[in-house]
Each structure stands twice: as structure tokens, then as C-alpha cells.
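Visitor: Please find the sequence and the predicted model below.
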Amino acid sequence: MWLRGVVGLVLVVVGGVWIAQGSGAVHGSAMSGHSQYAALGVVVLVVGLALIGWAWRIKEGRRPRS
């Protein structure tokens, strides 16, 4: 459960960096200014958010109900 959350968080951060580089907001690499990296960053970010959501739903499901 926690591994999905950690991997999801890493993917969200990586996706965000790729979006920033691909859109030209961050300079200094070969990825800067190339829109295909921004599009790939969006995909990675969405997968990361899905993993975080999955981990959250599993955590909520295991909580004892009163």
C-alpha cells in the first residue's frame, strides 16, 4: 500500500519536472522546449495520481468502521 503511494508521489514529481522542461519553463537540458516531453510528463503525472488514489482507497478500506 505505502509503496504505491511513494511510487505515485515520485511519478507526480517527475511528471511535473518533465512538463516544466517540455513547456520551456525550466531551461538547461536537452528536454527544454520540446513539447513531446511535456505531453509525456502529463501521462506520467496522471499515472502517479492514479497510484496515489489507489493507495488512498486501499488505506481507507482497511480502516475499522465504528
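Guide: Arrived safely. Numbers count the residues shown, from 1 in each chain.
Visitor: ok, the closest residue in space to residue 24 that isn't next to it in sequence - contacts?
Guide: In space, and not counting its chain neighbours, residue 24 is closest to residue 33: 4.5 Å by CB to CB, 6 or more residues apart in numbering. The C-beta positions use only the backbone N, C-alpha and C, and glycine is treated the same way. Contacts for residue 33 (CB atoms under 8 Å, 6 or more residues apart in numbering) come out as 22, 24, 27.
Visitor: Kindly report the same for residue 11.
Guide: With the criterion set at CB under 8 Å, 6+ apart, residue 11 makes contact with 44, 45, 47, 48, 51.
Visitor: Tell me how many other residues crowd the residue nearest to residue 26 when sequence neighbours are not counted.
Guide: The shortest distance from residue 26 to any residue other than its chain neighbours is 4.3 Å, reached at residue 20 (CB to CB, 6+ apart). A count of neighbours around residue 20, defined by other CB atoms under 10 Å, yields 17.
Visitor: Which is the succeeding secondary structure element to the helix or strand where residue 20 lies?
Guide: If you go by DSSP states H and E, residue 20 is part of helix 2-23. As assigned by DSSP H and E, the chain's next helix or strand after helix 2-23 is helix 35-62.
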